[in-house]
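1. Based on what follows, work out the 3D shape:
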Amino acid sequence: MWCPPPRRRKSSPSGASGGRNMSEQERSNAPGGPAQGPEKPPRGGKEGRAALRQTLARLAGDKRVLAVFSLLVAFFMWFVVISVVDPNQTATVRYVPVNLDYNSAAYQSYGLDIVEKPNMTVNVRVTGDGSVVGGLEAGDLLVYPDYSSVTGAGTYTLKLIVRRADTSLSVQQQYQIEDITPNSYITLTFDKVSTKTFPVTVNSIGVEPAEGYFVDTPVAAPAEVTLRGPESQMNRVDKVVANVAISGQRTESALATAQLEFWDKDGKVLTDTHITADAEQVEVTIPVLKMKEVPITFEYTGVPQGYNTSVLGAQLSQESILIAGPAERVDALESVNAGFIDLTKFKLGETVTLAISLPDGIRNLDALQSVDVTFDTYGFATRTVTVSQISVVNAPGDIAVTVTTRRLNDVTLVGPEEELNALSEANVVAQVDASAGNINVSKGQQSMPATIVVPGSDTVFATGSYEVLCDIDAAEGAG
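-> Numbering: from 1, shown residues only. Below you'll find the model as predicted:
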């Protein structure tokens, strides 16, 4: 026979506590109370069910638990409604950009382009499965103008078309596009578009060179730009200008960044245009160069040993030149060499023209391209002689060089007339330089150049070029 468990008795009031129940701690400290440690919950039978009911009752009385539970129930009910109860829910996808490049071939085939492309967005209303339309974003839709009516230059109001970015059938079955707000039309201007390349003209203001310096022509990088825009506006552009303003005295080049302007033929800046450039700004270098005047020189070639070239009395049509460049390079340049005069090609009374060439980075401020060299040869004459004295010099010890040419005829000498008349042919010598570098064969004959010298004279020289035939034998020289 089952007996119900004995009920707990309420603690009797005592002292100032009045009707207060004895706490769990008091009961455990009371004589005959339970042992120390937490009380284990009942685990079976009606005792367990009673404890569960007590726990649920406590949770039901907790406002925080009720708030969380209410939210979960509300979300569940919302999900059921949009997924089952209302499969045709309406949603608005906001800020969908209008794509002006889509299907642009329709107007580009007429040689047209949009003069100014506005940044326009619209809102698109869609209807469909709530779980789908609720998650749509601007990138899921494509909005573009209907260009079918555009056939020439002008301003058009075009209807906007919207479609799904994903055109697969499964997506089409999930929602439908209703309308576009706030405006389902767009106004665009079309015109014939042309391109043209212009050099960049630098307009520098305020650059002041220090004493001994000058400002060279400014240079822009890039040096030219390509403009693109409506043909009617492009026809008004005369030049592209970069304005640079730099103040203060300078001894070195200045660098600056400049915006580009489009000027018409009257020098007025074109504004409110739809012209674009492939570079919005340029880097400008304003060279500030040091100036210096240096002498012009030249050199002789084909000069026989011992000859004094000063007797020719050479005179330059301009003896100095004004140059400019970076200070360190100009300071290092003491003269400008105009070139060489070959005495073997000298002719009495002839003027020799030499071209002026400057090192890279050095400017020719005189714009001097050449100088003329004249010679004060008053009292000079020419004489033709036969040279029988032919000698070999600088021959290697292991190579035998023998001249087989017996004489050189018609050798032209130049010098003071009195000295030429007194000169004996025996005093004229032809020298063959037989250095190893001039010998091309190890055995056999070779034609070699001969230099005409007049020993004991520093005022007579020979013009023209001469050669003699030599026998070469490396084996004989070694023996």
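
2. Beta-bridge partners for the nearest residue to Phe346 once chain neighbours are set aside, please?
-> Here the nearest residue to Phe346 in space, its sequence neighbours aside, is Thr463; by CB to CB, 6 or more residues apart in numbering that works out to 5.2 Å. Glycine gets a C-beta too; all of them are placed from N, C-alpha and C. Beta-bridge pairing of Thr463 under DSSP bridges involves Thr412.

3. Surely Thr463 touches Lys347?
-> Yes. At 7.4 Å, Thr463 counts as touching Lys347 under the criterion of CB atoms under 8 Å.

4. Comparing the two, which residue is more hemmed in?
-> Thr463 (18 against 12; other CB atoms under 10 Å).

5. And the pLDDT at that one?
-> Note for Thr463: predicted pLDDT of 96.

6. and the longest strand for the chain?
-> strand 185-205 (DSSP state E).

7. in what helix or strand does Tyr107 lie?
-> If you go by DSSP states H and E, Tyr107 is part of helix 105-108.

8. Would you map the helices across the stretch 251-400 of the chain?
-> 327-332 (DSSP state H, counting those that start in this stretch).

9. any idea which helix or strand comes after the longest helix belonging to the chain?
-> Using DSSP state H, we find that the single longest helix of the chain is helix 63-80. Note on helix 63-80: by DSSP H and E, the next helix or strand toward the C-terminus is strand 89-97.

10. tell me what that following strand is packed against?
-> Strand 89-97 sits against strand 121-128, helix 130-133, strand 141-145, with contacts defined as 3 or more CB pairs under 8 Å, 6 or more residues apart in numbering; DSSP states H and E.

11. Mind listing what's buried along the longest one?
-> Buried residues in strand 121-128, counted by 16 or more other CB atoms under 10 Å: Val122, Val124, Arg125, Val126, Gly128.

12. ok, now stretch 298-316?
-> Those would be Phe298, Gly302, Val303, Pro304, Tyr307, Val311, Leu312, Ala314, Leu316, for stretch 298-316 by 16+ other CB under 10 Å.

13. likewise stretch 235-251?
-> In stretch 235-251, counting by 16+ other CB under 10 Å, buried: Val237, Asp238, Val240, Val241, Ala242, Asn243, Val244, Ile246, Arg250.

14. Out of these, list just those in strands.
-> Short answer: the buried residues of stretch 235-251 in strands (DSSP E) are Val240, Val241, Ala242, Asn243, Val244, Arg250.

15. who touches the third one in this structure?
-> What it means is Ala242. Residues in contact with Ala242 (CB atoms under 8 Å, 6 or more residues apart in numbering) are Val200, Thr201, Val202, Asn203, Ala220, Ala258, Gln259, Leu260, Glu261, Gln281, Val282, Val284.

16. and with 10 Å instead?
-> Shown in contact with Ala242 (CB atoms under 10 Å, 6 or more residues apart in numbering): 200-204, 218, 220, 225, 256-261, 281-284.

17. how close does it sit to Arg58?
-> Per CB to CB, to the nearest Å, Ala242 is found 82 Å from Arg58.

18. Also Ser310?
-> Ser310 is 127 Å from Arg58, by CB to CB.

19. Leu420 now?
-> Distance from Leu420 to Arg58, by CB to CB: 141 Å.

20. returning to what we had before: let's have the buried residues of strand 121-128 in CSV, adding pLDDT.
-> Output for those, formatted as CSV (pLDDT from 0 to 100):
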residue, pLDDT
Val122, 96
Val124, 96
Arg125, 95
Val126, 92
Gly128, 87
